[in-house]
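**Student:** Fold the stuff below for me.
(chains A and B)
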Amino acid sequence: MTGLLPEGANLRFEGLDQPLQILRALGGGTQGQVYAVDCGGEQLALKWYLPACLARDPQLPRRLRQSIALGAPNGDFLWPLALLEPTAASRPLIRHPKAGFGYLMALRPAGFVGAHQHAGGQLEISLQNVLRACFHLADGFHHLHLKGLCYKDISLGNLFLEPSSGRVLICDNDNVDIDGQGGGSVLGTPGFMAPEVLLKQAKPGASSDLFSLAVLIFRLITRHDPFRGQRELAIRCLDEPARRRLYGEEALFIFDPNDPGNRPHPEEHAAAVVTWPIYPRPLQQLFEQCFGPGLRHPDQRPLTGQWTQQLSRCLDQRQLCPHCGQETFPAPAAPGACWQCGTPLPPPLQLQLAHGRVTAAAGNELHRHHAEPWAPITLDQPLARLVSHPEDPQLLGLQNLSGETWQGELIHGQTIDLAPGKTCNLAALQQLRSDAGPITVLRP
Amino acid sequence: MPFPNVRLSNRPLHFIYLCDCSGSMAAQGKMQALNQAIRQSLPGMAEVARENPEARVLVRALRFADRAEWHLEQPTPVDHLQWRDLEAGGITAMGEALERLAGVLQSPPMEERALPPVLVLISDGQPTDDFETGLATLMRQPWAQKAVRLAIALGHDADLEVLQQFIGPEPPGGGRSPRRPLQASNATSLAQYIQWASTAVVGAASMPASQVQGATSGGNIPLPDLPPTVLDPTDDVGPLVW
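**Tutor:** From the prediction side, this is the model:
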């Protein structure tokens, strides 16, 4: 890559007390280039725009200033921290006749990989962490929309995820604007754009974000595309006009409950056929709503809060197949059979809290929103986690992740203390009295 | 348990170089510069291929001098590609090259379903055979019509008119455009254009990129911006290689 900024040099910017040392180029795209920089001992990322970008999108600096002033919606965004314009002395060091401008943001931590790697099947990740990533994505958009902002261009290309935890980072926040302010120039990415934006009938905004969000969640949980079924097979050359038909003019959800005209092909679209049955009906119904009535009626698209609610419920009913060990997400009242091996799933042990119920499976977590009616749904600070005994994986226990000691009542009437960090065997447990209220073991 | 071992089905994306290997390419290191530019572009191209789950990028190369022949005949996944040097010598059978190209763009051997092929014609001179007939044969193939056709003019003797015919109708207005021949006057700009074609254009043809209003339109694939003309400290001393 031919760099716009000289690596190794110290550049000064207006309004910044100390110079930034350009450490190395991290990547480049059609918009500009990203560099690792040192800012007084702290390593940050600097995105530098190609001057053509500003010519095409004159509102860009205004949007960036606005976002910087408003602050990040939550920690899941690599949000702009400062807008940078070079000082007169530094301008000649920039390898372009028009020096341009850029912004500072945090560096993407190691361990986060591009979501396209998951879509391409190159990533080892559990179903639980894929669902967590979808939750964090929907939750990030929830906070963004609550601030009155919209993102406009979410796709696989600007999402990063950490396979070991399901944490996400939403990047490229430079199109973010106050919803309804039609000043920007971005339209979105074909395949993710809402039909009304793709067909140039509307500008992107919060309601088109809801469509793109649903596409992205679908692509993450199925590794397939919601509109690629039989109709894709009829397309020989998949180019722009073909995409406009597939995702706009003639869009039909592959699992549309009323119109089977675009069902996935069992071999060509195996990913959709294998993965769709994994997920519970209420989650499937959100996609049916968004890609059915919501396709042409933006006001009928599920909201971010509905996604976080159904994704967290899906995580709550995660159950491991006793035969093959695979993760399944059945309704506890009627677990059915394992989607992978077909073994009938037993009715699960569950933990009942005041406002929620969680299936007892190693890795599942109890949260404050299970105990308190007004607690926001979050996965960030679990109260307790279900864990297997390190020597005997058959033994399932509940680990106290709070800072308080809990009291346990066993089935024979004994009581125990469960100090922070300690785990009690569920086989003997009747009820725990936690600082968030009672946790009762429900046996099938 | 890991996520099930499934993925979005992908389509082949055929990327074909058509390289002028006439005698004039031997002058001033042009042939070596082209070999270097292609070789240097491969890691970036492989990275784009990896990042595009929807595409299977397959590379071929056709050389033309006295005759047109395949230099790399087997469609080769880019991460398996070892570039063998092209050698210069002979005249410029560009028309024959387009006929040979037409042969592989008919179905079969073309797959029934694919992404738009990317065809890159690189030349430093004028065709010495029947270019018009070759182009007509090529353009009768639906896959050639759907293809992203790019041309790079090496040095100042390239026939820009012929290259424009290969690309298609000239876009209105002036200035640099991916739908005009890209004029590489030195090794640095040649390398930049080869890199742009093998990364940004491959990306655009395989997985649609973020779109903005008023971007380069026309054709069935919106083409990415050309690489910026970066101020190179060596620019002041004139062409390095020819």
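**Student:** CA atoms for contacts and neighbours, from now on please.
**Tutor:** OK.
**Student:** Strands of chain B, residue ranges please.
**Tutor:** B:11-20, B:55-64, B:68-77, B:118-123, B:148-154, B:182-184, B:211-212 (DSSP state E).
**Student:** quick one: is the shortest one near chain A?
**Tutor:** Meaning strand B:211-212. Yes - using C-alpha under 8 Å from any C-alpha of the partner chain, we find that strand B:211-212 touches chain A at B:Gln211, B:Val212.
**Student:** now swap in the second one and tell me
**Tutor:** No - judged by C-alpha under 8 Å from any C-alpha, strand B:55-64 and chain A are separated, with a smallest distance of 9.7 Å.
**Student:** Neighbouring strands of that strand in the sheet, and parallel or not?
**Tutor:** Here strand B:55-64 is paired, per DSSP bridges, with strand B:11-20 (parallel), strand B:68-77 (antiparallel).
**Student:** so which of these is the most packed in?
**Tutor:** Most buried of the strands paired with strand B:55-64 by mean neighbour count (mean count of other C-alpha atoms under 10 Å in any protein chain shown) is strand B:11-20; its value is a mean of 24.
**Student:** can you give me the strands for the stretch 51-200 of chain A?
**Tutor:** For the stretch 51-200 of chain A, applying DSSP state E, counting those that start in this stretch gives strands covering A:82-84, A:102-106, A:113-114, A:149-150, A:159-162, A:167-170, A:177-178, A:186-188.
**Student:** In terms of mean pLDDT, which of those ranks lowest?
**Tutor:** Ranked on mean pLDDT, the bottom entry among these is strand A:186-188, at a mean of 86.
**Student:** what's it packed up against?
**Tutor:** Using 3 or more C-alpha pairs under 8 Å, 6 or more residues apart in numbering or on different chains; DSSP states H and E, the elements in contact with strand A:186-188 are helix A:195-198, strand B:211-212.
**Student:** And the ones you listed: which comes nearest A:Leu50?
**Tutor:** Shortest distance between A:Leu50 and the helices and strands packed on strand A:186-188, using C-alpha to C-alpha, is found for strand B:211-212: 14.7 Å.
**Student:** With A:Gln59 as the reference, measure out to A:Cys53.
**Tutor:** Using C-alpha to C-alpha, to the nearest Å, A:Cys53 is found at 10 Å from A:Gln59.
**Student:** Ok, B:Thr188 next?
**Tutor:** Relative to A:Gln59, and taking C-alpha to C-alpha, B:Thr188 is found at 33 Å.
**Student:** okay, those two: which has more neighbours?
**Tutor:** B:Thr188 (18 against 15; other C-alpha atoms under 10 Å in any protein chain shown).
**Student:** hang on, the earlier thing: tabulate the helices and strands packed on strand A:186-188 (a markdown table), appending distance to B:Asp20 and mean pLDDT.
**Tutor:** What follows is the helices and strands packed on strand A:186-188, written out as a markdown table (distance: least, C-alpha to C-alpha, whole Å; pLDDT from 0 to 100):
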| stretch | distance to B:Asp20 | mean pLDDT |
| --- | --- | --- |
| helix A:195-198 | 40 | 95 |
| strand B:211-212 | 34 | 73 |
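**Student:** Need the ones you listed in a markdown table (columns: mean neighbour count and distance to A:Pro322).
**Tutor:** A markdown table is the format used below for those (neighbours: other C-alpha atoms under 10 Å in any protein chain shown; distance: least, C-alpha to C-alpha, whole Å):
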| stretch | mean neighbour count | distance to A:Pro322 |
| --- | --- | --- |
| helix A:195-198 | 22 | 43 |
| strand B:211-212 | 17 | 48 |
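**Student:** pLDDT weak spots in chain A?
**Tutor:** Low-confidence segments of chain A, defined by pLDDT under 70: A:1-2, A:30, A:182.
**Student:** Output the helices and strands packed on strand A:186-188 as JSON lines; include the columns distance to A:Tyr49.
**Tutor:** Putting the helices and strands packed on strand A:186-188 into JSON lines (distance: least, C-alpha to C-alpha, whole Å) gives the following:
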{"stretch": "helix A:195-198", "distance to A:Tyr49": "25"}
{"stretch": "strand B:211-212", "distance to A:Tyr49": "15"}
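**Student:** for the ones you listed, which one sits closest to A:Gly71?
**Tutor:** For A:Gly71, the closest of these is strand B:211-212, at 25.1 Å, according to C-alpha to C-alpha.
**Student:** ok, residues contacting that closest one?
**Tutor:** The contact list for strand B:211-212 (C-alpha atoms under 8 Å, 6 or more residues apart in numbering or on different chains) reads A:Ser185, A:Val186, A:Leu187, A:Gly188, A:Thr189, A:Pro190.
**Student:** Just give me the longest helix of chain A.
**Tutor:** Secondary structure of chain A per DSSP state H: the longest helix is helix A:127-146.
**Student:** and that one, which residues are buried?
**Tutor:** Buried positions in helix A:127-146, judged by neighbour count with 16 or more other C-alpha atoms under 10 Å in any protein chain shown: A:127-145.
**Student:** Centre of the chain to that helix, how far?
**Tutor:** Here helix A:127-146 is found 4 Å from its chain centre; the criterion is C-alpha atoms, centre = their mean, to the nearest Å.
**Student:** Against which helices or strands is it packed?
**Tutor:** For helix A:127-146, the elements it packs on are strand A:167-170, helix A:206-222, helix A:304-316, judged by 3+ C-alpha pairs under 8 Å, 6+ apart.
**Student:** Next up, the contacts around the spatially most central residue of chain B.
**Tutor:** For chain B, the residue nearest the mean C-alpha position is B:Val120 (2.0 Å; C-alpha atoms, centre = their mean). Going by C-alpha under 8 Å, 6+ apart, B:Val120 touches B:Phe15, B:Ile16, B:Tyr17, B:Leu18, B:Arg149, B:Leu150, B:Ala151, B:Ile152, B:Ala197.
**Student:** Any figure for the gap between the residue of the stretch 251-400 of chain A found nearest chain B and B:Phe3?
**Tutor:** Residue nearest to chain B within the stretch 251-400 of chain A: A:Ala271 (5.0 Å; C-alpha to the nearest C-alpha). Going from A:Ala271 to B:Phe3 by C-alpha to C-alpha gives 11 Å.
**Student:** re earlier: would you reformat the strands of the stretch 51-200 of chain A as a markdown table and include distance to B:Asp157 and mean neighbour count?
**Tutor:** Putting the strands of the stretch 51-200 of chain A into a markdown table (distance: least, C-alpha to C-alpha, whole Å; neighbours: other C-alpha atoms under 10 Å in any protein chain shown) gives the following:
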| stretch | distance to B:Asp157 | mean neighbour count |
| --- | --- | --- |
| strand A:82-84 | 44 | 20 |
| strand A:102-106 | 40 | 20 |
| strand A:113-114 | 44 | 18 |
| strand A:149-150 | 51 | 24 |
| strand A:159-162 | 46 | 23 |
| strand A:167-170 | 49 | 24 |
| strand A:177-178 | 49 | 22 |
| strand A:186-188 | 40 | 23 |
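**Student:** In TSV, list the ones you listed along with distance to A:Cys341.
**Tutor:** Shown next, in TSV, are these (distance: least, C-alpha to C-alpha, whole Å):
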stretch	distance to A:Cys341
strand A:82-84	53
strand A:102-106	44
strand A:113-114	30
strand A:149-150	42
strand A:159-162	28
strand A:167-170	29
strand A:177-178	47
strand A:186-188	40
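**Student:** What's the separation between the residue nearest to the centre of chain B and B:Phe15?
**Tutor:** In terms of C-alpha to C-alpha, B:Val120 sits 8 Å off from B:Phe15.
**Student:** what does stretch B:182-192 contact?
**Tutor:** By C-alpha under 8 Å, 6+ apart, the residues outside stretch B:182-192 that reach it are B:30, B:33-34, B:36-38, B:40-41, B:151-156, B:176, B:193, B:227, B:239-242.
**Student:** Cool, thanks, talk later.
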